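Student: A structural model of the following input is requested.
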Amino acid sequence: KFRCEKGCRLGGGAGSCQIRQCNEDQNLQGCWQCKKFKYCKKLDTLTSLHGNAHRKNLEKIDKIGIYEFIKGTKHW
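Tutor: Below is the predicted model:
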């Protein structure tokens, strides 16, 4: 499961989340759909909690798709 169970576009996470707002503004399901996610400064706010895991997960989702990621091995 995602910690933000609904994902950004569906209203998951805190309403004040910059990452969520960015996804909503760009009409993205999640950061993996953004061409700039690998270098996004907004994602740096998660590093203290997750190390580099969130970026690795986004890269994997970008590569194999969200549904394959969710049903596969848990990486978080």
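Student: Specify the local secondary structure of Asn23.
Tutor: Three-state call for Asn23 (DSSP: H, G, I helix; E, B strand; the rest coil): helix.
Student: how close does it sit to Asp62?
Tutor: Remark: distance between Asn23 and Asp62 (C-beta to C-beta, to the nearest Å) = 14 Å. Bear in mind the C-beta positions are built from the backbone N, C-alpha and C, glycine included.
Student: So for these two, which sits in the more crowded spot?
Tutor: Each of Asn23 and Asp62 has its neighbours counted (other C-beta atoms under 10 Å); Asn23 has more, 23 against 18.
Student: unless I'm mixing things up, that one is touching Gln29, no?
Tutor: Yes. The pair Asn23 / Gln29 is scored as a contact, 7.4 Å apart, by C-beta atoms under 8 Å.
Student: so where's this structure shaky on pLDDT?
Tutor: Applying pLDDT under 70 to the chain flags residues 1-13, 73-76.
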